[in-house]
Every structure is written in C-alpha cells, then in structure tokens.
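Asks: I would like the atomic coordinates for the input below:
(chains A and B)
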Number of protein chains: 2
Amino acid sequence: MSEFLHKDSIGPVVPKDAHLTFENGFLFENGETLPELNIRYETYGSLNADASNVVWICSPLTADAHVAGYYTEQDKHMGWWDSLIGKGKAVDTDRFFVVCSNILGGCKGTTGPASIDPRTGKPYGSKFPKITIGDMVHAQKALADYLGIKRFYAVIGGSMGGFQAMKWAIYYPELIDHLVVIASSPRFSSQALGFEIVARDVITQDPNFNGGDYYDKAIPAIGLANARKLAHITYLSAEGMEKKFKRAADQERHSHATDAYKTPFDMDLPLESYLRYQGAKFVERFDANSYLLIAHATDTFDLETEYGSLENAFKNIKCDVLNINLSSDWLFPPHESRKLTDAFLAAGKHVTSLEYDTAFGHDGFLIEGGKLGHSVARFLNSSFDDNLKPQVQTAFDGARAKTIVEQVIPVNSKVLDLGCGNGELLETLRKHKQVSGVGIEKDEQCILSCLEKGVPVLQKDLNAGLADIQSDSFDVAILNRTFQEVIDQVGLLREILRVAKKAVITFPNFGNWAVRMALCVHGRMPKSKELPYEWYNTPNIHLFTLRDFTRLCEAENLEIEKLAIQNKDNVSKLLTNFGFKNLGAEQVVAVVSRK
Amino acid sequence: MSEFLHKDSIGPVVPKDAHLTFENGFLFENGETLPELNIRYETYGSLNADASNVVWICSPLTADAHVAGYYTEQDKHMGWWDSLIGKGKAVDTDRFFVVCSNILGGCKGTTGPASIDPRTGKPYGSKFPKITIGDMVHAQKALADYLGIKRFYAVIGGSMGGFQAMKWAIYYPELIDHLVVIASSPRFSSQALGFEIVARDVITQDPNFNGGDYYDKAIPAIGLANARKLAHITYLSAEGMEKKFKRAADQERHSHATDAYKTPFDMDLPLESYLRYQGAKFVERFDANSYLLIAHATDTFDLETEYGSLENAFKNIKCDVLNINLSSDWLFPPHESRKLTDAFLAAGKHVTSLEYDTAFGHDGFLIEGGKLGHSVARFLNSSFDDNLKPQVQTAFDGARAKTIVEQVIPVNSKVLDLGCGNGELLETLRKHKQVSGVGIEKDEQCILSCLEKGVPVLQKDLNAGLADIQSDSFDVAILNRTFQEVIDQVGLLREILRVAKKAVITFPNFGNWAVRMALCVHGRMPKSKELPYEWYNTPNIHLFTLRDFTRLCEAENLEIEKLAIQNKDNVSKLLTNFGFKNLGAEQVVAVVSRK
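Replies: Prediction:
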C-alpha cells in the first residue's frame, strides 16, 4: 500500500537546517532584530552548474517546508504539493532544483516565538517581533544566499505563499524569471479580515493565552482550536461543504469522530465532529503565537496601501507572471485575484490569468495541484504531460492573418487580441512585426496553447467588458471573427476604442449575395463556410452586413481607415470588382479609429 | 430631529404581556412541558369585526416583538421592520391588525431560560427545554387564541422568521390566506451550520458558561461576544463589507469605537472596533442560553428530513405564497431559497418568487424593507404606492392572444407561460378558460404587475433552464415571442416538452417575403413591426424561418399539431393563401407535442 501511495512521488526526503548568523542580527521591517535565525527547509533535484534551475516555493500560512515526497515508508501523507512537484510533474525535479522553507515566526523548525531566545535562555513568546510578509521573504533570501542561489527560474506561491511570491518579485526584480501566484489577492478582503479578527480575539481571550507567555503553562488550546474551526470553514466552498456533509440521518459519522468535547446542543452531525477534529489536530501541530504572528503578517499585507497603487507595486518587476484563481474560492475570491492580473497588465508586464473550476474552494489550490500543473508546466516551459497537450485548432485563417499582419499592424506596436484562440495570430505578429501582444480568451484549452507559445493571455469573457483595462493601453485591438458573437456590440466597440487607439475588426458579411440568396430562395437561415452553424446553435447571435457595419461606424462617429474585402467565390469576386461590396464581400477586415 | 426620524412611523407603541396557563402545561415538541408561559408582544392597527385582517409577523433569531413604531420620543431606533409596517406602508396598519411576539426561549419578555421557574423559584438555566421552530409557532398560536384571532390574512417571516412562517402554514393550513417567506431556506446550509457550530463551541467553552447555570455569577460575555462577531459577518455581504470598511489610512475610526479590549495584533481598523462593538452590544441585550436555544432550534430545522421531502411538507398548505430572496445573501443564499419556490410549485401551490438585488447580504431583509414592500404590498392586495405602480406594457398582441386562447388552450388546464411579461395572457386565460397558470419572467417590474393581477410567477431566466420544475407538471407551456431570444433553443424545447404535454410557440418568421427582401435588396439586417430592433441591440439572437422551425421539429421527433399563420400585410396574406406559408407568415403560432 505504501508503495502504491508513494508511487508517483519523488521519494523519501529529509528536512535540513540552516543556522544563519548576521553581522547586526536579522533585521525585521519594523526595525527590530533577532541575533540569529534557524531556517528549516527541504530541497529536491539538483542545482545545475550556473544555478539557473531554481524553483522557489513559498509556503502558505499553516503549511511547512515539506512540499513533496515523504519522510518514511510509513508516512500516509505526502508533501502538501506533491501533486505539482516531483519527477516528471509540472515542477519537474529532474529539471529543477526545488526549495521550500518553513516560515519565519512559525513553529516547524524555523525560528519562531517558541524558539529559545539565546539572550535569555527562554522562549521568545510575546517578545518575538511582529513579522511582515517582507520579513518572511528576507529570511528566505538569506537561505537562498546560504545555498548559493543567484537566480530564480521561478518563484511560486499559493494563498499567503502568493503574498510572499509577489514580494519576492518586488524586492528582487533582477533575480526572478517567472512568477506564479495561485489563489491569492492584493490583500485580504474585509470579509476575510473580519474572520481573522474573530479568530484573533478567540485565541487571545483564551484564559490560558496569558499575553503569549504560556510555554511553561497550559496552552490556549480551546481558543486555538476554535479559531481553526472557523478558519477551516473559510477554506472550503459552500458547495463543497454541502456535498461533503449531507444531513441524511443514516450517514456515518465522520471517521475522525473522537469528540472529547460535547455540548447539550450537539446534533450528532458529521460536520460537528469534523470541525472539532480539525481544531484538535491543529492544536497538536501548531503554536498559538505562531498562528497570531503569521496571521498578523497576512492581515497587514496590503500592496495598494504600501505602494500607493497595485500598478506601482509591480512597476519594477521583470518576470513573466502566471496568475491562477479558483472559481469557488471565497477567501481569495476570483474578482480579488483578477485585480492582480489587471495591475500586472497596467504595469506593462507579461501576465497570463486563468481560472480553474473547482468545488474545493480555497483548499483547491492544494487539492487541485495536478490540475494547476497543466498551466504551471506550460508556463515553466516544462515537458510535463506533452502527450496530453491538446491540439487546439481555432478558426485561424492564414489569408486573413496575412492581411492583418501585412497591411494593418505597425511594427513594435502594442496589440490586444480579443478572442485570441490558441494564440497563433499573436505569435505570428510577434515574429513578423515584433509586437508586444496580449490575448483575451475564455477557453481554458486555448489559454494552455497560448502559454505553450509564450503568448500572454487574460482569461475573460468579452461580454463581461473591458472595464479592468486602462484607457489607451494598446495601439491596436484585434477582434477577429468574434464581433457577431458579442451581446452588447456597441458597448464593446466603445470599450475597444477606449483601451486601444484603433481596432481591426473582421467579420462574416451577412449581406453577401450567397447568404441573401439562401434566405430569399430557400427560406432558411443561411449556412456557409463563413457561417457554418445551425440557426439554433450558432454563436453568431448578432449577424450583420457590411452596410450595417459602416452605418454603425457613422453613428458612433468612427473613422473607417481601411476596408479589406476577402472572398473566394467567383461571383463574389466579380461583384466586388464591380463595386458591389456589400453583395461581394464574404468576409471583411475593417480598421476603425476614433475620429 | 425626533419628529423627522419618527415622521413616517406608526407612532408610539407599547409592548404587552399575555400570561398564559395551560391545563397540562405548555407542551414542547420533545415532550417536555412548562407550567406557564408569558408572551410579550406588540400589536398595531385594530382587529376588524370578523377578525379577518390579521397580519402575523414572525421574529428572526435575535430580534424582538418591536417591529414598528417607537417607545418614547427619545428613541433613536424604530421597530426593526418599520420600513415595511405602518400607516400607508406595505403592511398598512390602517387596514391590517399586525401582531408580533417575542420568541419562546428568548430573553425579551417571553418565557425563556432566564425566567424564574415557578416550581423552583430559580431561573430555568440549563433546565429549560430544547425548543424547536414548531414550539415557537405553538406558543404564538396560544397568543393568537388569547387575542381571539381565528384567521390570518397573512403570516410573514424573514430569516428564521421564515422558518416559523412556513411551520405556521404547515400546522394551520386552514387558517392562513397568504404566506410571505423572505430570505429563508428549507434549512441551514452546511456552511451556515458550520459557523453555528463554531459559535456554539465558543460560547459553551467560555469558562463562565458553567453548563448554562450562570445567572447568579459572571456571565459568559467573552464567548457570547465572539459568537456574535462571527455571526455578524455572515449577515453582511463581502461586497457590502468591502464598501463599508475601506482600508484607507485616513479613514475615521468607527464612531462606536470604544474598544475596551485590545490585542498586540490590532491594526487600528474600523472593522476591528465595529465587530467588537457588535459583540459588546449584543452581550448587553441578549442572553447566552437564549442564543444557544434559539440557534439550536434553527440548526435542527430541516423540513426535508422532517417530512420526507419539501414537496410533502407543503402538500397540505392552502395559502398563496410569496417567496423573496436577496441577491447577496450568503447565509440563506438565493439558490437555497429557490428550493422553497420549487417545492411549493411541485406541491401544486400558487407561488410567486422574486429576487431583490442588494449589497446588504442577509441583513438586506431588514435594511431593504421599503424595497421589499413593493412586492409584499401587491401580494397583500394593498393600496401601498399606487401612484408608483409601474404601468408595464409588454408586447401583448390581442389577436395572437385570441388565437391562443380560443384555439389552443383547453378549459381548466394547467398552463406555464414562459416569459409571461406583465401576466396579461395568463389573466385572460384564467378568465376565459379557467386555467390555473404560472408565469416565468425575469423582469422585476413585470413580476410586480403579475402580483397585482394575482398571477403567480416565478422569477427565472429562461436561459437557466427548467431543471427545477418537475416533469409533466403542466398541460400546456406557452412560449410567446421569446423562442428567438433563447441561447440554447433545442435544450429549452426539450425541457418545455418535459414539463408540459404540449407547447404553444409563437415566433416572428424570418422567412417572410418582406424580411427576405429587406436583406436581399437593401443589404441590411431587416427591421419590421415584428423585428423592431437594430442588429446590434436586438434580443432576437437566434432568428429563424417557419421552414427552419418545421425542420427542427422533425429532427426532434415532435408533432406539429397546429400551425396558425398571422399576417397583416396584403402581400403576405396573398402568399399565404396561395400556399406559400414561409413567404407569407409574418408571425406563427405553432402547437407542438411529443410524438
């Protein structure tokens, strides 16, 4: 069984300790110092000759350095991101040298409040300095120096690990090539902070807390357990809890049910014993002071306040960014996470955003590690799941692309490709016109294809609008064969010409003679090469003719700079040559700009 | 200022006490008894001669009987639903006799755990029986008997008040005419229950709790305050909290900031003092035992488990139902609340459902009382806001309705009107064919118009499907001028013919000669009386011709029982007469059924 459980794992691993001393002590961001630091960490794989293969993992709040593999053959639990990290996995330990350390201020071997202060011979307790996310990163940097690491191929963090990863990129922009931020946000939401405040009060008001100096007495176990029960709910999704804890009378009690604690109000529900088990288990493995300190670092993390704006926080970073959010995460909700993407974009960085659909809530960033691996692997240019890589064919028309590339897009321009599909057009533009381009796409498989090509892409539904993109961010926006699929066309057109100086819009012409004939003669909704769908399943919900389009541009006071007509059919060609554009055009490439 | 504050209120009110004794004591659902009950209550307005004007309000968890008006001129706070109840308001006290009582087991004057047990001369404390929502209703029924009330024009409850209101309708089906359930659900979700469990543990593990017998000692204030802080977060929406508690450095601290309690981890945030203020205020006005008992009644309320199914729970009720949910409520989320609507419908009851858009979360049911009043007033057939009542004109075509009514709908049939607009068609059908009908509509103003006509209507977007409606629930489904607006037409068609035996579908014919000509000759997307929109803003996203429609019916193996063609234009009439239906039809009324 152990063999089966550990089969795909990197194998047995051993935590190591780095005893670090500093000339003037380890300096905290609040000005306090510690005389020395111990950092417990794990590494997998080997550092290559030029030290260019480092993947640095930042641990979330209550995890540890044990991110992959196992300690002994008897271990039932693997490292917490074993699904993502190992031989042949997304973070491939055959290629990368992976490092993860326990957090400063924690209780897993790295110096924290329960450690002995060498100056007093007693635990730090309440005397331990208040830490920040930045302090955690500085301690990790000291470890990296100790390990001889000069450069980071990637820094990866989920949840509070994402906070650290962003600080890494901000503090050491020259050293980092790739940044992966998973299920994170610019700061805790007020709702999340509210729960933090309650948890903090529940712990500090435990009569055993004693201001944090309890190491020689009874520990504040009740407070810590109750705080954990509360926090645990925020890690799950409502939907996930509903599935997991059905109220059926015949359901077995939770297998961990060993409630020492009972109240007269108990309903003998699996959920009651589950939460109490989570609380009790946490008390065994975590220290209240560490929890309060790390939580406080998380609570006070606020890039916007610290740097004036998110955009400003990111302006000096040099790395490419992959920002992943999780659909049912309400602790770091997708709309908060997307603010990071918007800010990276506004700061002119290469950023790809992707939302994974999961019912596991915030915990999804751990549970869905294998799923996240698909995008992480492509972002790291790894060979992971090569045989699984989807061959996404999107409606890419070489002739049309050629028209766009040759006639319309200036060299070195900034291009936004709305509905970019598998990224082929942007890749072509990058090659031939040296553009810096970003795509917008909603399909996950298409986004993976873009990642493979190194084309940055934002996951977004065009019908949700472009409000998050700053005005005049792009020279050209391309809307290739997508305009007829949009719900609010006038709204989108205005938005496009707010964020870009000009728009290239390609569309099938419903006014083409063959389309008209199909309806006129056969009395059925037309189907053609350009309009291949049945009337009841077509994504082309707002069809229009070339003449409709030019009238709309007039009404919107837009200038049509160019109008390229494309057709293959001979009658269409003839009609076009005779000047009957609306009858002749099968497809249209229009360049429009604000007058 | 007091005058201004109290201006729209019913005026000063006085709580009253009913001292009730019972032959064999008041019997709880768990078999225990209490020798006597005191019930504190308030009434507004006057009971009419035949006692037919009673509106009974059920109080939520921590509220009280003080639902409208004020006690003294100095009162800063009005009754908790003053926006809904009063002179000329939705629940008009000039017309209705309004009653609300304090909850059994509470601490506001009705007998509860802090009351003196006449048998011992001491507070009940831990000896107070475990109460159920049903017990609360039985106690209220005893009060109603005491007041000489024989019949209830309406029973209204929000949140846990909704639980009670539903139990009222289940226990006393013959006595109740209207049931209003606001921001409620069939039971607590697992997520909500999780928070309840944490709150319960936090209170009962307060060292002062002493198993519930603390009335002669220090009270479990810390536990109760922390439980309240937690609960309070669940009453707000994430969005609302974000707006209310911006993290701007220059923001004033919360005006209630009188934190006696401080921790070294405090961030001096308004949110911290706000939550602590909420906790402290609650300790002043509520008793821990009452909280635990009432919360326990709420936690154990579960109609599905109790009655085998929700449908079964509601099968004997006789009243019409209005079920309101709130968009940002995550304690009683809309999708849970809608399960009530589905069950009322499945049980064959007249139910109208409506979702109000609010950023106030669950608290919206209190804060948005005035807004809720619009639908409550119409449901109660009140004259409230008559001058504000919107005159909703929907595309109602008398000729078409006549065709449908005369030719298609059998007398006494059960009709589902998909996209029912202001309910005119269903009203007509009810008059002329005595149908029992339900509409589906997404627009709020249309739903208010339906409520005015007494037409039950479910708020739903047709694109969300009909999965919640049971198979074969209806004889006929009508899809009047809506089919071309649907995203997944084949899917909806299948769903319609699952829930109804036959479907009446009316649609504009894109194959009409004039439409064809518009495109053919003018090369623009056609506009006509039947197709009045511009191509870029038309809701008609999937247009089709009569021929397209008949082919789809063939492919779906549906029988076209009838096909009525309507046209006004002479050429169209001529074409139709010559048998060119697809050219001639301007609009089509088709009756289809499963073969």
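Asks: Please identify the residues of the stretch 1-150 of chain A in proximity to chain B?
Replies: A:126, A:130 (CB under 8 Å from any CB of the partner chain). Heads up, the C-betas are built off the backbone N, CA and C, glycines and all.
Asks: pLDDT weak spots in the stretch 1-150 of chain A?
Replies: Applying pLDDT under 70 to the stretch 1-150 of chain A flags the ranges A:1-7.
Asks: quick one: the strands in it?
Replies: Assigned by DSSP state E, counting those that start in this stretch, the stretch 1-150 of chain A shows strands spanning A:16-27, A:33-44, A:54-58, A:85-86, A:91-92, A:97-101, A:116-117, A:122-123.
Asks: Would you reformat these as CSV and include mean neighbour count?
Replies: Formatted as CSV, those follow (neighbours: other CB atoms under 10 Å in any protein chain shown):
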stretch, mean neighbour count
strand A:16-27, 12
strand A:33-44, 19
strand A:54-58, 28
strand A:85-86, 28
strand A:91-92, 24
strand A:97-101, 26
strand A:116-117, 14
strand A:122-123, 16
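Asks: can those strands go into CSV with extra columns for distance to B:N582?
Replies: Shown next, in CSV, are the strands of the stretch 1-150 of chain A (distance: least, CB to CB, whole Å):
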stretch, distance to B:N582
strand A:16-27, 79
strand A:33-44, 69
strand A:54-58, 64
strand A:85-86, 63
strand A:91-92, 61
strand A:97-101, 67
strand A:116-117, 90
strand A:122-123, 87
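Asks: And the ones you listed: which comes nearest B:G308?
Replies: With CB to CB, the closest approach to B:G308 among the strands of the stretch 1-150 of chain A belongs to strand A:85-86: 49.0 Å.
Asks: contacting residues around that closest one?
Replies: For strand A:85-86, contacts defined as CB atoms under 8 Å, 6 or more residues apart in numbering or on different chains pick out A:8-10, A:44, A:57, A:67-69, A:79, A:91-93, A:98.
Asks: Tell me the strands beside it, with direction?
Replies: Sheet pairing of strand A:85-86 (DSSP bridges) gives strand A:91-92 (parallel).
Asks: Poorly predicted segments of the stretch 301-450 of chain A, please.
Replies: Low-confidence segments of the stretch 301-450 of chain A (pLDDT under 70): A:382-401.
Asks: which residues of it fall in helices?
Replies: Residue ranges of the helices in the stretch 301-450 of chain A, as given by DSSP state H, counting those that start in this stretch, are A:303-307, A:310-314, A:334-346, A:364-367, A:369-379, A:398-403, A:424-433, A:444-453.
Asks: roughly how far is the second one from the heart of the chain?
Replies: In terms of CA atoms, centre = their mean, to the nearest Å, the centre of helix A:310-314 is set 17 Å apart from its chain centre.
Asks: Kindly report the same for stretch A:169-176.
Replies: From the chain centre to the centre of stretch A:169-176 is a distance of 19 Å (CA atoms, centre = their mean).
Asks: Also stretch A:90-108?
Replies: Taking CA atoms, centre = their mean, one finds the center of stretch A:90-108 at 19 Å from the center of the full chain.
Asks: ok, now stretch A:132-142?
Replies: Centroid displacement of stretch A:132-142 relative to its chain, using CA atoms, centre = their mean, is 22 Å.
Asks: cool, stretch A:207-224 as well?
Replies: In terms of CA atoms, centre = their mean, the centre of stretch A:207-224 is found 37 Å from the chain centre.
Asks: Give the rounded mean pLDDT of that stretch.
Replies: What stretch A:207-224 shows for mean pLDDT is 97.
Asks: if we can go back for a sec, which of the contacts of strand A:85-86 sits closest to B:K246?
Replies: So of those, ranked by how close each gets to B:K246 (CB to CB), first place is A:I57, at 33.2 Å.
Asks: Looks like that closest one contacts A:F96 (just checking).
Replies: No. Applying CB atoms under 8 Å, one finds A:I57 not in contact with A:F96, separated by 10.3 Å.
Asks: What residues of the helix or strand harbouring A:R498 count as buried?
Replies: Under the criterion of DSSP states H and E, A:R498 resides in helix A:489-499. For helix A:489-499, the neighbour count (16 or more other CB atoms under 10 Å in any protein chain shown) marks A:489, A:492-493, A:495-499 as buried.
Asks: and the helices of the stretch 301-450 of chain A as a markdown table, adding distance to chain B and mean neighbour count?
Replies: Shown next, in a markdown table, are the helices of the stretch 301-450 of chain A (distance: least, CB to the nearest CB, whole Å; neighbours: other CB atoms under 10 Å in any protein chain shown):
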| stretch | distance to chain B | mean neighbour count |
| --- | --- | --- |
| helix A:303-307 | 6 | 18 |
| helix A:310-314 | 13 | 21 |
| helix A:334-346 | 9 | 21 |
| helix A:364-367 | 16 | 24 |
| helix A:369-379 | 23 | 22 |
| helix A:398-403 | 22 | 15 |
| helix A:424-433 | 24 | 19 |
| helix A:444-453 | 20 | 22 |
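Asks: Same list (these) but as JSON lines, adding distance to A:T204.
Replies: Shown next, in JSON lines, are those (distance: least, CB to CB, whole Å):
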{"stretch": "helix A:303-307", "distance to A:T204": "24"}
{"stretch": "helix A:310-314", "distance to A:T204": "31"}
{"stretch": "helix A:334-346", "distance to A:T204": "27"}
{"stretch": "helix A:364-367", "distance to A:T204": "28"}
{"stretch": "helix A:369-379", "distance to A:T204": "34"}
{"stretch": "helix A:398-403", "distance to A:T204": "62"}
{"stretch": "helix A:424-433", "distance to A:T204": "53"}
{"stretch": "helix A:444-453", "distance to A:T204": "44"}
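Asks: Next, the contact list for A:L426, please.
Replies: Contact analysis of A:L426 by CB under 8 Å, 6+ apart lists A:415, A:417, A:420, A:435, A:437-439, A:450, A:453, A:455.
Asks: Ignoring the adjacent residues along the chain, who's closest to it?
Replies: A:G437 (4.2 Å; CB to CB, 6 or more residues apart in numbering or on different chains).
Asks: which residues does whatever residue of the stretch 351-500 of chain A ends up closest to chain B contact?
Replies: The stretch 351-500 of chain A approaches chain B most closely through A:Q489 (4.0 Å), counting by CB to the nearest CB. Contacts for A:Q489 (CB under 8 Å, 6+ apart) come out as A:483, A:542, A:552, B:536-537.
Asks: Quick check: it vs B:Y533, distance?
Replies: According to CB to CB, to the nearest Å, A:Q489 stands 12 Å off from B:Y533.
Asks: burial measure for A:P118, as a count.
Replies: A:P118 has 9 neighbours, counted by other CB atoms under 10 Å in any protein chain shown.
Asks: Doesn't A:R524 lie inside a strand?
Replies: No. According to DSSP: H, G, I helix; E, B strand; the rest coil, the state of A:R524 is coil, so it is not within a strand.
Asks: is it true that it touches B:R547?
Replies: Yes. With contact defined as CB under 8 Å, A:R524 counts as touching B:R547 (5.3 Å).
Asks: Which positions in the stretch 401-550 of chain A make contact with chain B?
Replies: Counting by CB under 8 Å from any CB, the positions of the stretch 401-550 of chain A adjacent to chain B are A:487-490, A:510-511, A:515-517, A:519-520, A:522-525, A:535-538, A:541-548.
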